[in-house]
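1. fold the following for me, if possible:
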Amino acid sequence: MTQIIDFYFDVGSPASYLAWTQLPALAQRANSDIRWKPMLLGGVFKATDNQSPAMNPTKSRYTRMDMERFARAYGVTLNFNPYFPINTLLLMRGAVGFLGAQEFHRYLEAVFRAMWVDQKNMNDPEVAADVLYQAGFNPDKVLALCEDPSVKAELKQFTEEAVERGIFGAPTFFIGDEMFFGQDRM
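-> All right, here's what the predicted structure looks like:
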């Protein structure tokens with residue numbers, strides 16, 4: 001029987017980016033399927049009275065250094081975004097909107113790359129539109145998808161589900177009822 005890995009993530013999290021670069025190969029090696037769970041990390045932080053490591057200078061320095069170590073070990077590029085933190089509400093709505101669609105992985109590739117490799121200011125609507133256009137998306141259609149009430153409701157539901165399951169940060173994985181927090185737990 002194939003096991004399921006629930007992967008709760010937000011594209012605004014560099015640790016989620018690192019996990020995303022490794023998770024498909026890990027799932028394949030473990031004969032597992034990934035159940036993608038886009039959530040709004042800001043909503044999780046608010047509900048759990050948590051905050052980004054970026055809000056604590058000492059923790060931020062260490063976390064950055066540690067993620068750079070993992071990026072080297074994984075053989076992937078990680079460039080910290082000078083515009084961090086970025087409001088990912090629309091970006092995560094896009095992830096929810098494409099969930100289950102053929103474009104889902106291409107969407108994540110474009111957004112994660114823009115955020116954590118190319119250091120794009122994804123808070124700027126023109127920059128985000130250009131990133132999506134360059135990746136083969138129609139930015140107007142993506143924006144319309146992000147404004148769809150069912151997409152908004154589903155992102156809210158994923159975020160509430162995350163909090164109910166005890167999630168306090170991203171990425172978080174579940175195998176059955178067992179929770180693993182952080183890309184370093186893969």
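
2. going forward, measure contacts between C-alpha atoms and count neighbours the same way
-> Noted.

3. make sure I have this right: residue 12 is in a strand.
-> No. Residue 12 sits outside any strand when classified using DSSP: H, G, I helix; E, B strand; the rest coil, being coil.

4. got the contact list for it?
-> For residue 12, the contact set (C-alpha atoms under 8 Å, 6 or more residues apart in numbering) comprises 84, 85, 86, 87, 88, 115.

5. again, only this time at 10 Å
-> Neighbouring residues of residue 12 by C-alpha atoms under 10 Å, 6 or more residues apart in numbering: 40-42, 81, 84-89, 91-92, 111-112, 115-116, 122, 170.

6. now residue 143
-> Listed by C-alpha under 10 Å, 6+ apart, the contact set of residue 143 reads 90, 91, 93, 94, 125, 129.

7. which of the residues you listed are buried? Put it as a PyMOL command.
-> Only the buried entries of the contacts of residue 143 go into this PyMOL selection, using 16 or more other C-alpha atoms under 10 Å:
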select buried, resi 90+91+93+94+129
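
8. can you tell me which of the contacts of residue 143 is nearest residue 183?
-> Nearest to residue 183 among those is residue 91, at 20.5 Å by C-alpha to C-alpha.

9. for this structure, which segments are assigned as helices?
-> 14-29, 41-48, 57-74, 89-98, 104-116, 125-134, 139-146, 149-164 (DSSP state H).

10. ok, so of the contacts of residue 143, who is nearest residue 57?
-> Distances from residue 57 to the contacts of residue 143, taken by C-alpha to C-alpha, are shortest for residue 91, at 26.2 Å.

11. and that closest one, how far is that from residue 169?
-> According to C-alpha to C-alpha, to the nearest Å, residue 91 stands 17 Å off from residue 169.

12. about what we covered before: put the buried members of the contacts of residue 12 into a ChimeraX selection.
-> To isolate the buried subset of the contacts of residue 12 in ChimeraX, counting by 16+ other C-alpha under 10 Å, use the following:
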select :40,41,42,81,84,86,87,88,89,91,92,111,112,115,116,122,170
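
13. go through the helices of the chain and pick out the most buried.
-> Mean neighbour count, computed with mean count of other C-alpha atoms under 10 Å, is highest for helix 89-98 among the helices of the chain, reaching a mean of 24.

14. what is that helix packed up against?
-> For helix 89-98, the packing partners by 3 or more C-alpha pairs under 10 Å, 6 or more residues apart in numbering; DSSP states H and E come out as strand 32-38, helix 41-48, helix 104-116, helix 125-134, helix 139-146, helix 149-164.

15. give the rounded mean pLDDT of that helix.
-> For helix 89-98, mean pLDDT is 98.

16. distance between that helix and the chain's centre?
-> Chain-centre distance of helix 89-98: 10 Å, with C-alpha atoms, centre = their mean, to the nearest Å.
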